[in-house]
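**Q** Output the structure for:
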Amino acid sequence: MKIVVLDGYAANPGDLCWDELQALGECSIYDRTSPEEILERAAGAEILLTNKTVLTAEHMAVLPELKYIGVLATGYNIVDTAAAKERGIVVTNIPAYSTDSVAQMVFAHILNIAQQVQHHSEEVHKGRWTASKDFCFRDTPLIELRGKKLGIVGLGHTGYTTARIAIGFGMQICAFTSKTNFQLPPEIRKMELDELFRECDIISLHCPLTDSTRELVNAERLKMMKPSAILINTGRGPLVNEQDLADALNNHIIYAAGLDVLSQEPPRADNPLLTAQNCYITPHIAWASTAARERLMQIMLENIKAYIAGKPVNVVK
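**A** All right, here's what the predicted structure looks like:
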């Protein structure tokens, strides 16, 4: 059985091990694969593993041996699942492996903005604390989270874990979710989306990217938010209209944003958020803790073994 990993570097840049995968068959592992290289590398493979390398109906049509596509992530929009289903190709993903790490990143951004950690550390290294007349210095507002309203858009695994952390900080939790009030714990108040944007001090996005959620955050919704409000996005970049968000930050319509995802990754040099005021951006690393990547690799192996046994799991629709 031939197994090909098209783009394994992001999940395993060398600190983890492919040995268990290699024991399952003839295995070729590539750090990255360009669109032009896909067919040559995938030729003869029964199993293809991909993280962000796009697999289309055209690829599948000329790969007759292909029977299984394993996505090394939770999102699987990079695979034409309709074409795979038509050809009887099993497609699996890796759900919930990074839940705790992503929720942790949400609060890394919230706390950085609330306490201005990055800014004050940089100022200390510039010598401003050394030159201070007082035992401390600060030149931005510092925000206490207790009592603040956190609005969570999408209450799946990561949204719910984020809510639990926020409860520990004494925050009030509001959620836009398909869950009913009877399914929610008493600490979480269900809200309509526009109400959430109007009332909450911090909005954190955890919903999937669909036609209905694309550019969910736009000029109209940003104008609903408080001038002191903070937007956090660790979900999908296209949930946000980036020009609208940059304009809102630069015109003080909202206070700040913490983003781990953008609409194009890596971003274009002219992405307006790269120069927007009070916009803190990390390079899509919320999922990438060592613990989360170890879980990803283990679930990947379990998915493949289940497929080999004729009882596939984590099959996407």
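**Q** Now do the strands in the stretch 101-250 of the chain.
**A** For the stretch 101-250 of the chain, strands defined by DSSP state E, counting those that start in this stretch occupy the ranges 149-153, 172-176, 188-190, 202-205, 230-233.
**Q** Need the mean per-residue confidence for stretch 57-74.
**A** When pLDDT is averaged over stretch 57-74, the result is 97.
**Q** ditto for stretch 251-267
**A** 97.
**Q** Local confidence estimate at Thr234?
**A** 98.
**Q** in stretch 170-186, what counts as buried?
**A** Met171, Gln172, Ile173, Cys174, Ala175, Phe176, Thr177, Leu184 (16 or more other Cβ atoms under 10 Å). Heads up, the C-betas are built off the backbone N, CA and C, glycines and all.
**Q** mind listing what the nearest residue to Cys207 once chain neighbours are set aside touches?
**A** In space, and not counting its chain neighbours, Cys207 is closest to Gly154: 3.2 Å by Cβ to Cβ, 6 or more residues apart in numbering. Taking Cβ atoms under 8 Å, 6 or more residues apart in numbering, we find Gly154 in contact with Phe176, Thr177, Leu205, His206, Cys207, Pro208, Gly235.
**Q** circling back: closest to Met105 out of the strands of the stretch 101-250 of the chain?
**A** The minimum distance between Met105 and those falls on strand 230-233, with 8.9 Å, by Cβ to Cβ.
**Q** beta partners of Ile69?
**A** Leu48, Val91 (DSSP bridges).
**Q** how many neighbours does it have?
**A** Applying other Cβ atoms under 10 Å, we find 28 residues neighbouring Ile69.
**Q** So it versus Ala309, what's the distance?
**A** The gap separating Ile69 from Ala309 is 18 Å, by Cβ to Cβ, to the nearest Å.
**Q** One more: Leu262?
**A** Counting by Cβ to Cβ, the separation of Leu262 from Ala309 is 39 Å.
**Q** ok, those two, which is more surrounded?
**A** Leu262 (21 against 9).
**Q** Break down the stretch 151-300 of the chain into its helices, ranges please.
**A** Applying DSSP state H, counting those that start in this stretch to the stretch 151-300 of the chain gives helices spanning 157-168, 193-199, 219-224, 242-250, 290-308.
**Q** so what does the first one touch, helix or strand wise?
**A** Going back to what we said before, that points to helix 157-168. helix 99-115, strand 149-153, strand 172-176 (3 or more Cβ pairs under 8 Å, 6 or more residues apart in numbering; DSSP states H and E).
**Q** who's in contact with that helix?
**A** Applying Cβ under 8 Å, 6+ apart, the external contacts of helix 157-168 come out as 95-96, 98-100, 102-104, 106-107, 145, 150, 152-153, 155, 173, 175, 177, 187-188, 204, 206-207, 234.
**Q** Ok, the second one next?
**A** The set of residues external to helix 193-199 that reach it, using Cβ under 8 Å, 6+ apart, is Lys149, Gly151, Val153, Cys174, Ala175, Phe176, Met191, Ile203, Leu216, Arg221, Met224, Met225.
**Q** check contacts around the third one.
**A** Read that as Val153. Counting by Cβ under 8 Å, 6+ apart, Val153 has contacts Gly159, Ala175, Phe176, Leu193, Leu196, Ile203, Ser204, Leu205, His206, Cys207, Leu216.
**Q** what's the burial count for the residue lying closest to Gln115 once chain neighbours are set aside?
**A** Leaving aside its chain neighbours, Gln115 sits nearest to Leu142 (5.8 Å; criterion: Cβ to Cβ, 6+ apart). Neighbour count of Leu142, defined by other Cβ under 10 Å: 9.
**Q** Leu142 contacts Gln116, doesn't it?
**A** Yes. Applying Cβ atoms under 8 Å, one finds Leu142 in contact with Gln116, separated by 6.7 Å.
**Q** What's the local residue count around the closest residue to Lys67 other than its chain neighbours?
**A** Nearest residue to Lys67, sequence neighbours excluded (Cβ to Cβ, 6+ apart): Glu46, at 5.0 Å. Using other Cβ under 10 Å, Glu46 is surrounded by 18 other residues.
**Q** what's the answer for Thr210, then?
**A** Close neighbours of Thr210, defined as other Cβ under 10 Å, add up to 11.
**Q** Equivalent analysis for Glu58, please.
**A** 12.
**Q** Likewise for the one 3 residues further on?
**A** Summarising burial for Ala61: neighbours were counted as other Cβ under 10 Å, giving 11.
**Q** ok, it - contacts?
**A** Counted by Cβ under 8 Å, 6+ apart, Ala61 has contacts Ala83.
**Q** Please report how far it lies from Val79.
**A** For Ala61, the distance to Val79 - Cβ to Cβ - is 14 Å.
**Q** Would you map out the domains in this structure?
**A** Following the TED database, one finds the domains of the chain at 2-97+290-309, 99-281.
**Q** Take those and lay them out in a markdown table including distance to Val315.
**A** Formatted as a markdown table, these follow (distance: least, Cβ to Cβ, whole Å):
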| stretch | distance to Val315 |
| --- | --- |
| domain 2-97+290-309 | 6 |
| domain 99-281 | 17 |
